[in-house]
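Participant: need a 3D model of the following:
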Amino acid sequence: METVLDPGSLSRLKWRCRRGLLENDLFIERFFKRYEGALTVRHAADPGVAIASFVRESGADLLVMGAFGQSALREFFFGSVTRSAL
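Facilitator: Model prediction:
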């Protein structure tokens, strides 16, 4: 049986999650500040295309993306940003 987190560990885990969300928010703000004048309807229609084009234009050597965020059935019907970016 798994051990349940004690209150202190749970509090630290919550803090780390909140910090991660804040870092994501800051990244999103910087992204839009930098690229808002270059975004097109095509980018809004397919986020994978937008990600791939920005990676290509920036000359990045590496892109890390999660690949397992939804069920197979949902991915079948709605697609995957990671698959689109590939």
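
Participant: and the helices in this protein, which stretches?
Facilitator: For the chain, the helices defined by DSSP state H cover 7-35, 41-45, 47-58, 72-78, 81-85.

Participant: got the buried residues for the third one?
Facilitator: Meaning helix 47-58. Residues of helix 47-58 classed as buried: Gly48, Val49, Ala50, Ile51, Ser53, Phe54 (neighbour count, 16 or more other CB atoms under 10 Å). To be clear about C-beta, it is placed using only N, CA and C from the backbone, and glycine gets the same treatment.

Participant: how about the second one?
Facilitator: Of the residues in helix 41-45, His43 count as buried by neighbour count, 16+ other CB under 10 Å.

Participant: would you mind writing the CA trace of it as PDB?
Facilitator: This file holds the C-alpha atoms of helix 41-45, laid out as PDB (Å, rounded to 0.1, in the frame of the first residue of the first chain):
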ATOM      1  CA  VAL A  41      -4.500  32.600 -38.500                       C
ATOM      2  CA  ARG A  42      -2.600  29.500 -39.600                       C
ATOM      3  CA  HIS A  43      -0.700  29.500 -36.300                       C
ATOM      4  CA  ALA A  44      -4.000  29.800 -34.300                       C
ATOM      5  CA  ALA A  45      -5.600  27.000 -36.300                       C
END
